[in-house]
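>>> Next come a sequence and a model predicted from it.
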Amino acid sequence: MNARQKRLFEDALKKNPNLKMPVEGPPPELTEDDLAFLKQGVGDKSGRPQSARDAAGEGGEEGAAPQPHRGAIMTYFEEKGFGFLRPENGGKDIFFHVSRLQQAQPTDLVPGTKVLYELGMDRNGKIAASAMWLMPPEETAPPAA
């Protein structure tokens, strides 16, 4: 353990006195869930493995595509290439990057524009839109009465 790691551990120990100092030796036994998480790869930050979602009751058929969520653009900073969208069912605003936009132009990202999006994680491990599509005009119009 280097000096920085030791200092971080000591700071964490102040917040949680029950922490145990990591010991050198053989690594602990990994569970099946741990192994599945490791198999995702270092660069893949798309979320938890399929088996963990099934245990939580979120999974459907194996290999089934995730259902996109609905929302609307709240803000978009064209010069920076990112913005935030608000989920249709409420909750915290979701970060998106223009590189996640599918089959549309960045100039179409104006506040109030309805979108479909899939959730994932950004490079910092925070929830973000992993893919985003503009909703067709017929889906955004209210149904005729």
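That came through fine. Numbering: from 1, shown residues only.

>>> Now the phi/psi pair for the closest residue to residue 107 other than its chain neighbours, please.
Nearest non-adjacent residue to residue 107, counting by C-beta to C-beta, 6 or more residues apart in numbering: residue 78, 7.7 Å away. The C-beta positions use only the backbone N, C-alpha and C, and glycine is treated the same way. Residue 78 adopts backbone torsions of phi -60, psi -40, taken as degrees, to the nearest 10.

>>> Could you tell me how far residue 78 is located from residue 98?
Distance of residue 78 to residue 98, given as C-beta to C-beta, to the nearest Å: 8 Å.

>>> Give the buried residues for stretch 71-90.
71, 73, 76, 82, 83, 84, 85, 86 (16 or more other C-beta atoms under 10 Å).

>>> State the mean pLDDT of that stretch.
Taken as a whole, stretch 71-90 has a mean pLDDT of 91.

>>> Outside of it itself, which residues are in contact with it?
69-70, 93-99, 106-107, 109-117, 129, 132 (C-beta atoms under 8 Å, 6 or more residues apart in numbering).

>>> Restricting to C-alpha, output that stretch in PDB.
Provided in PDB are the C-alpha atoms of stretch 71-90 (Å, rounded to 0.1, in the frame of the first residue of the first chain):
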ATOM      1  CA  GLY A  71     -38.200  12.000 -22.000                       C
ATOM      2  CA  ALA A  72     -37.700  15.500 -23.300                       C
ATOM      3  CA  ILE A  73     -34.600  17.700 -23.800                       C
ATOM      4  CA  MET A  74     -34.300  20.200 -21.000                       C
ATOM      5  CA  THR A  75     -31.000  21.900 -21.900                       C
ATOM      6  CA  TYR A  76     -28.400  21.400 -24.600                       C
ATOM      7  CA  PHE A  77     -25.100  23.200 -24.800                       C
ATOM      8  CA  GLU A  78     -24.200  22.900 -28.500                       C
ATOM      9  CA  GLU A  79     -20.700  24.400 -28.000                       C
ATOM     10  CA  LYS A  80     -19.900  21.800 -25.400                       C
ATOM     11  CA  GLY A  81     -21.800  18.900 -27.000                       C
ATOM     12  CA  PHE A  82     -23.800  17.800 -24.000                       C
ATOM     13  CA  GLY A  83     -27.100  18.400 -22.200                       C
ATOM     14  CA  PHE A  84     -29.800  17.100 -19.900                       C
ATOM     15  CA  LEU A  85     -33.100  15.500 -20.500                       C
ATOM     16  CA  ARG A  86     -36.000  15.000 -18.200                       C
ATOM     17  CA  PRO A  87     -37.600  11.500 -17.900                       C
ATOM     18  CA  GLU A  88     -41.300  11.400 -18.900                       C
ATOM     19  CA  ASN A  89     -42.200   9.600 -15.600                       C
ATOM     20  CA  GLY A  90     -40.300  12.100 -13.400                       C
END
